[in-house]
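[1] prediction below, plus the sequence it came from.
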Amino acid sequence: MARKAATGTDGRSRNMRHASSPLLDVNAAIAGTLSDLAFIQTETARRYAYRRAAAAILAVEHSMADLLRPGGTLPKIPGIGPSSSRVIQEVLAAGESPSAEAKIDASGKRAEVERRRTLRKHFISRAEARRILEDPAYDLLPAEAYRGDFQMHSTWSDGANTVAELAAACAARGYTRAAITDHSHGLALAGGMSMPEAAAQRAEIDAVNAAAGGAFHLFQGVEANIGEDGTLDLTDEEAARFDLVLAAPHSLLRKGHDQTPRMLAAVANPRVRILAHPRGRQSSVRAGVHGDWDVIFAAAAARHVAVELDGDPSRQDLDHTMAARALAAGCLFAVDSDAHATTELWYAEIALAHARLAGIPPDRIVNCWPLDRLQAWMAG
């Protein structure tokens, strides 16, 4: 039986101590402080430098406490300069960065920084995710049960790699299946794919599958945009051309009004198989869609629509607390990277860690299913 550990969800690490409480995810704590420093900068170059540093720390595979060398020096990490190194060393020594806190006070933006900190709840670092994945206490979801990733983006929309490159990278990770899910044509900001482009992409996917000879199967999916009224930016006929339709909100993500009807309408669409990054939250930036999520989860469960655990470090949506509620409602799950490059496929590790924390068994995760069961579910 998997246990739900009180680790990695509040920006602290077990290796460090602050006051009387053990720090549980020190990398998340450091990255959060660097993100706060980025926010208060008035110079664009310094703002982006701190953002890069925060992203670099979140991507480090080991706790910074374990990487600290004798004498208190740090290994060289791309994207980490002298100012960021000072913050890291202070957090490792005391659990927080006095110099960063002083700069926040001097900026006059303390209240907004504190508000942004509330929007980092239940986010974990890669180091914490890997610790969870290596912890035998979370035995309900073994790593080998995960067979493939069902959200990623190629050069057909806003991704950096081709279909063939993504497929090869997935196969190299040991996956036996994956889905390319470029944005649909209604989301112009993300280079949404037109239907003629989708037909050309289908030919590329067919070529990948023919070359794989059955050892690996690539599905053609699409990430459709959920409009304000819950309708998709694809017609039923267009949606039917894809193997897998994900529906995701990309607007009205900072609004405080109840959007339950919007999300229920999306779930009710017979073409939708996955409700992707359901809230649309973003670390330090927005809470995402407000709604009665227990009602939404119940509707998804009734229609066998999977709710997604998106592993993008800035999304982590659903997080493990929301996923546990969806599990209790009877939901199916998709556990995905939302990668926009082959170098981001590791984001699935974060999603898997949240799934482990929530206690989700493989039978409820579509990525873990045998191919025949998966294809029957995709067909509705």
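    Received the coordinates, thanks. Quick caveat: nothing in here was measured; it's all calculated off a predicted structure. Residues are numbered from 1 along each chain as shown.
[2] ranges for the strands of the stretch 101-250 of the chain?
    148-149, 177-183, 217-226, 244-249 (DSSP state E, counting those that start in this stretch).
[3] check the offset of the longest helix seen in the chain from the chain's centre.
    The longest helix of the chain (DSSP state H) is helix 195-212. Computed by Cα atoms, centre = their mean, to the nearest Å, the chain-centroid distance of helix 195-212 equals 26 Å.
[4] check stretch 76-96 too.
    On Cα atoms, centre = their mean, the centre of stretch 76-96 falls 25 Å from that of its chain.
[5] got it, and stretch 328-343?
    7 Å.
[6] need the distance between the two termini of that stretch.
    34 Å (Cα to Cα, to the nearest Å).
[7] buried sites along stretch 197-213?
    198, 201, 204-205, 208-209, 212 (16 or more other Cβ atoms under 10 Å). C-beta here means a position set from N, CA and C on the backbone, and glycine is covered the same way.
[8] for that stretch, C-alpha coordinates in PDB please.
    The C-alpha coordinates for stretch 197-213 follow below in PDB (Å, rounded to 0.1, in the frame of the first residue of the first chain):
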ATOM      1  CA  GLU A 197      -1.200  20.700 -41.600                       C
ATOM      2  CA  ALA A 198      -2.800  17.900 -39.500                       C
ATOM      3  CA  ALA A 199      -3.100  15.800 -42.600                       C
ATOM      4  CA  ALA A 200       0.600  16.300 -43.400                       C
ATOM      5  CA  GLN A 201       1.500  15.500 -39.800                       C
ATOM      6  CA  ARG A 202      -0.500  12.300 -40.000                       C
ATOM      7  CA  ALA A 203       1.700  11.100 -42.900                       C
ATOM      8  CA  GLU A 204       4.800  11.700 -40.700                       C
ATOM      9  CA  ILE A 205       3.200   9.800 -37.800                       C
ATOM     10  CA  ASP A 206       2.300   6.900 -40.200                       C
ATOM     11  CA  ALA A 207       5.900   6.800 -41.400                       C
ATOM     12  CA  VAL A 208       7.200   6.600 -37.800                       C
ATOM     13  CA  ASN A 209       4.900   3.700 -37.000                       C
ATOM     14  CA  ALA A 210       5.800   1.800 -40.200                       C
ATOM     15  CA  ALA A 211       9.500   2.100 -39.400                       C
ATOM     16  CA  ALA A 212       8.900   1.000 -35.800                       C
ATOM     17  CA  GLY A 213       7.500  -2.300 -36.900                       C
END
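[9] average pLDDT for that stretch?
    Mean per-residue pLDDT for stretch 197-213: 97.
[10] give me the contacts around it.
    154, 156, 162-164, 167, 171, 180, 182, 193, 216-220, 222, 241-242 (Cβ atoms under 8 Å, 6 or more residues apart in numbering).
[11] out of those residues, which end up buried?
    Buried, going by 16+ other Cβ under 10 Å: 154, 156, 162-163, 167, 171, 180, 182, 193, 216-220, 222, 242, out of the contacts of stretch 197-213.
[12] quick one: what helix or strand has Leu58 in it?
    In the assignment (DSSP states H and E), Leu58 maps to helix 44-59.
[13] beyond that helix, next helix or strand please.
    Sequence-wise, the next helix or strand downstream of helix 44-59 (DSSP H and E) is helix 64-67.
[14] distance from that following helix to the middle of the chain?
    That offset, for helix 64-67, works out to 24 Å (Cα atoms, centre = their mean).
[15] against which helices or strands is whichever helix or strand comes after that helix packed?
    Later in the chain than helix 64-67, the nearest helix or strand by DSSP H and E is helix 82-94. Using 3 or more Cβ pairs under 8 Å, 6 or more residues apart in numbering; DSSP states H and E as the contact test, the elements touching helix 82-94 are strand 13-18, helix 26-40, helix 44-59, helix 64-67, helix 98-107.
[16] save the ones you listed as CSV, and put in distance to Leu189 too.
    Below are the helices and strands packed on helix 82-94 laid out as CSV (distance: least, Cβ to Cβ, whole Å):
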stretch, distance to Leu189
strand 13-18, 37
helix 26-40, 23
helix 44-59, 20
helix 64-67, 35
helix 98-107, 30
